[in-house]
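Quick one: sequence plus predicted model below, questions after.
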Amino acid sequence: MKPLDLDVFPCRSDNFGVLVHCPESGLTASIDAPELDAIVAAANRRGWKITHVFTTHHHGDHVEANLALKEKYGCEIIGPREEAVAIPGLDQAVGDGDVFEFGGHTVRVIETPGHTAGHVCYHLPDDKLLFAADTLFALGCGRLFERPATDMWHSLQKLAALPDETAVYFGHEYTLPNARFALTIDPENERLKARAAEIEAKRQRGEFTIPTTIGLEKETNPFLRAADPSIRRNLLMEGSTNEEVFAEIRKRKDHF
């Protein structure tokens, strides 16, 4: 089976658009639908017709173009069962552990409540791809709008359990401020310091920081590293639970 083709492009002020194309079947999925014109331009540039939208959560900057894409292409919209009433044009509701096929490629749904109550991520295990939207960012995680820190910590643990080589495509270009914050939490992490310098250089050149990998995030993302002794010492939380340490890191990032 031929590998999937991916096209990544900017949307809105800081969103990423991602198109996933199966060259054998001709199917093309838009990961969320943040901006109609940008998505259509990317599809036209590649000569692809959008057949699916994989919706991760109900926030407007991820579903804004759902109905317009459906009107233009007649595409099928797949999205989280727990947010079904808030997903425009939803055709297929999915939840944790559900599996479906996309042009012969297996897609596994991972429910990751935290940023929203029903946020889902889409994992393509054979292709080593994860579309994490606003659950896991490069060096960050989503703000907690609808679920407590404990829920988000457990959601992130689901993603951290995926193979290290899994490529992670996320929803926003927040990586540079995330890197600057991460250094305040984990200042002794040499891998993080090197990565932060790489990110500074990339952004100065106008380059994207997407994708990352699960392995790289486990080494450098403080939101996945609440158990790390050095971080716990820095936060004066050596006797706290992982959930408590994570909650403190998230609170600090909210005010950074």
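All right, it came through fine. All values derive from a computational prediction rather than experimental measurement.

Okay, strands next: where are they in the stretch 101-250 of the chain?
Along the stretch 101-250 of the chain, counting by DSSP state E, counting those that start in this stretch, strands occupy 105-111, 120-124, 129-133, 136-137, 140-141, 167-170, 212-213.

Spit out the contact partners of Lys2.
For Lys2, the contact set (C-beta atoms under 8 Å, 6 or more residues apart in numbering) comprises Cys22, Pro23, Glu24. For glycine as for every other residue, the C-beta is placed from the backbone atoms N, C-alpha and C.

Out of the residues you listed, the closest to Leu90 would be?
Cys22 (21.9 Å; C-beta to C-beta).

Just give me the neighbour total for the closest one.
20 (other C-beta atoms under 10 Å).

Surely Ala182 touches Thr220?
Yes: counting by C-beta atoms under 8 Å, a contact exists between Ala182 and Thr220, whose distance comes to 6.8 Å.

neighbour-wise, which of the two wins?
Counted by other C-beta under 10 Å, Ala182 and Thr220 do not tie: Ala182 has more neighbours, with 27 against 24.

Tell me the spacing between that one and Asn242.
For Ala182, the distance to Asn242 (C-beta to C-beta, to the nearest Å) stands at 17 Å.

contacting residues around stretch 221-236?
Here stretch 221-236 makes contact (C-beta under 8 Å, 6+ apart) with 136, 138-141, 153, 156, 160, 181-182, 185-189, 217-218, 238, 240, 242-243, 245-246, 248-250.

same question, stretch 137-152
Defining contact as C-beta under 8 Å, 6+ apart, one finds that stretch 137-152 is touched by 112-117, 119, 133-136, 156, 168, 170-172, 174-175, 178-179, 181-182, 195, 199, 209-210, 212, 217, 220-223, 243, 246-247, 250, 253-254.

Buried ones among these?
112-117, 119, 133-136, 156, 168, 170-172, 174-175, 178-179, 181-182, 195, 199, 209-210, 212, 217, 220-223, 243, 246-247, 250, 253 (16 or more other C-beta atoms under 10 Å).

I'd like to know which of these are part of helices.
Counting by DSSP state H, the buried ones among the contacts of stretch 137-152 place 156, 175, 178-179, 181-182, 195, 199, 217, 220, 243, 246-247, 250, 253 in helices.

Tell me which two of these sit farthest apart.
Greatest spatial distance among these (C-beta to C-beta): Ile199 and Glu243, at 27.9 Å.

CA-only coordinates of stretch 186-204, as PDB, when you get a sec.
The C-alpha coordinates for stretch 186-204 follow below in PDB (Å, rounded to 0.1, in the frame of the first residue of the first chain):
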ATOM      1  CA  ASP A 186      12.700  22.100  33.100                       C
ATOM      2  CA  PRO A 187      15.800  24.300  32.800                       C
ATOM      3  CA  GLU A 188      18.300  21.500  33.300                       C
ATOM      4  CA  ASN A 189      17.100  19.500  30.300                       C
ATOM      5  CA  GLU A 190      19.800  19.600  27.800                       C
ATOM      6  CA  ARG A 191      17.600  18.100  25.000                       C
ATOM      7  CA  LEU A 192      15.000  20.800  25.700                       C
ATOM      8  CA  LYS A 193      17.600  23.500  25.500                       C
ATOM      9  CA  ALA A 194      18.900  22.300  22.200                       C
ATOM     10  CA  ARG A 195      15.400  21.900  20.800                       C
ATOM     11  CA  ALA A 196      14.400  25.400  22.000                       C
ATOM     12  CA  ALA A 197      17.400  26.800  20.000                       C
ATOM     13  CA  GLU A 198      16.300  24.900  16.900                       C
ATOM     14  CA  ILE A 199      12.800  26.200  17.200                       C
ATOM     15  CA  GLU A 200      14.000  29.800  17.600                       C
ATOM     16  CA  ALA A 201      16.000  29.400  14.400                       C
ATOM     17  CA  LYS A 202      13.100  27.800  12.500                       C
ATOM     18  CA  ARG A 203      10.600  30.500  13.400                       C
ATOM     19  CA  GLN A 204      13.100  33.200  12.400                       C
END
